[in-house]
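Below are the sequence and a predicted model for it; my questions follow.
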Amino acid sequence: MGKTTSLKRRLQRLLSPPESQSKRLNLRERAAQIEYTLTGSDFESVLLLYKILRREFPKTYSKRLRLSPSPLVRLNLENSYPRAYVTTRLGRLSSQSLYYGPFRSRAVAERFLNDSLDLFKMRRCSFELNPDPAYPGCVYSEMKMCLAPCFKGCSDEEYAAEVKRVQDYFDSGGDSLIHELEEERNRFSESLDFEAAAQRHTKITKIKGILAAIDDICRRLEILDALIVQPCAEEKSVALFRFFQGQLAGPVHFQVELEGDQGPMDSRLREAAERLGSEGGTRSATQFSEELSLLKRWYYRSHKKGEIFPGKKQGELPFRKIANGIERVYRGEQLPTPQPLPENSESVPN
């Protein structure tokens, strides 16, 4: 079981008379029939191979596909004093914790998280807290970079409010904090406190630099919704896939060149997206993690075919952009792939 760009060449290698003393796999005396499926892209081939291997080899399919979990930021809300950290393990779907990603690499995720936590006063320690006023605290509390719940440096309500600010920051892709600082900057400017206004402006620039180092696909996982457009094996069509509620659904073959009047592209596109979204969400955290890994593997390839369109922050897919992307994929055009920042470089704002 596998994928190939040339079925003829693959079958000739597997079914030709075996060469003497050759250790190459030969199925001439074993094969009874051959089943194959034509696909239009490597993305579709890998997804189809994953589904078949998962069904036929439930114990070894992950190793066969060399699936590696995606780096994620976990906001652990199950703890009495929540904290955020980088992980590759997706917990129970019923968990209260929130996950954000996928990131290009663990180094990118850790840099983003550390730079982001510098903007807040949520704890970074990993041990279980038992607040004690006699506890000396740590360097972060000394530097006033933590509310220090470890020695009751704040009330539980104050710490919960700070955690909520961190969650809003992650959920909005940084917009909540930028909006908060912009209001403060404008208020200081109106009161002629230009020094304080300049400090807020510098902080806004720093936040935009932090956010510039991550990609559009890095979202809160439970609301990550994206439509993927790929070349199609059928003529006059493209293949549509959708990552929705933790599952890669598709393909739906979307006809670009129509014969007769079959309605405007926008309405047909919305119908196709709804069909993909109705296929049902993931059934387990394992499936969620694996299909996210497939999406991440394709997305971060240096050379890839097709385009992806994450949903807007309001929850709706950008159908106008998708329609333009369909035209480009159908004509074989490609958007330039953005070059990643070096993993040891500083974030530079746009």
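Now that the structure is in, tell me what you want to look at. Residues are numbered from 1 along each chain as shown.

what about the helices in the stretch 51-200 of the chain?
Taking DSSP state H, counting those that start in this stretch to define them, one finds helices in the stretch 51-200 of the chain at 61-65, 106-117, 139-142, 156-171, 175-190, 194-212.

Find the residue at the geometric middle of this structure.
By C-alpha atoms, centre = their mean, the chain has its centre lying nearest to Pro102, at 3.5 Å.

Not counting its neighbours along the chain, what's nearest that one?
Ranked by C-beta to C-beta, 6 or more residues apart in numbering and with sequence neighbours excluded, the top spatial neighbour of Pro102 is Ser70, at 3.5 Å. Where C-beta positions appear, they are placed from N, C-alpha and C, glycine not excepted.

wait, that neighbour sits on Leu292?
Yes - counting by C-beta atoms under 8 Å, Ser70 touches Leu292, with 5.3 Å between them.

what's near enough to touch Ser97?
Going by C-beta atoms under 8 Å, 6 or more residues apart in numbering, Ser97 touches 74-78, 91.

go on, Ser95?
With contact taken as C-beta under 8 Å, 6+ apart, Ser95 is in contact with Glu78.

Need phi/psi at it.
phi -70, psi 150 (degrees, to the nearest 10).

what's the distance between it and Arg89?
Using C-beta to C-beta, to the nearest Å, Ser95 is found at 11 Å from Arg89.

same thing with Met143?
From Met143 to Arg89 the distance is 31 Å (C-beta to C-beta).

swap in Leu113?
According to C-beta to C-beta, Leu113 stands 16 Å off from Arg89.

More neighbours: which of these two?
Set side by side, Leu113 and Arg89 show more neighbours around Leu113, with 21 against 10, by other C-beta atoms under 10 Å.

these two touch, right, that one and Arg83?
No - applying C-beta under 8 Å as the test, Leu113 and Arg83 come out as separate, 10.5 Å apart.

what about Arg9, distance to Leu15?
Applying C-beta to C-beta to Arg9 and Leu15 gives a distance of 11 Å.

if you count what's nearby, which of these two comes out ahead?
Counted by other C-beta under 10 Å, Arg9 and Leu15 do not tie: Leu15 has more neighbours, with 15 against 10.

Show the contacting residues for the more buried one.
Here Leu15 is in contact with 26-28, 31 (C-beta under 8 Å, 6+ apart).

Take those residues and lay them out in CSV including pLDDT, neighbour count and distance to Arg54.
Shown next, in CSV, are these (pLDDT from 0 to 100; neighbours: other C-beta atoms under 10 Å; distance: C-beta to C-beta, whole Å):
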residue, pLDDT, neighbour count, distance to Arg54
Asn26, 90, 16, 27
Leu27, 91, 13, 23
Arg28, 91, 10, 29
Ala31, 91, 11, 23
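
Turn those residues into CSV, columns for distance to Leu147 and secondary structure.
CSV is the format used below for those (distance: C-beta to C-beta, whole Å; DSSP: H, G, I helix; E, B strand; the rest coil):
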residue, distance to Leu147, secondary structure
Asn26, 67, coil
Leu27, 65, coil
Arg28, 71, coil
Ala31, 67, coil
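
for those residues, which one is nearest Ala233?
In terms of C-beta to C-beta, no member of the contacts of Leu15 lies closer to Ala233 than Ala31, at 23.9 Å.

thought the closest one was touching Arg10?
No - shown here, Ala31 and Arg10 do not form a contact pair, counting by C-beta under 8 Å, at 12.0 Å.

element containing Phe288?
Per DSSP states H and E: Phe288 is located in helix 285-299.

Contacts for that helix next, please.
42-43, 46-47, 50, 54, 62, 67-70, 89-93, 101-102, 215, 217, 221, 226, 228, 243, 246-248, 282, 304, 308.
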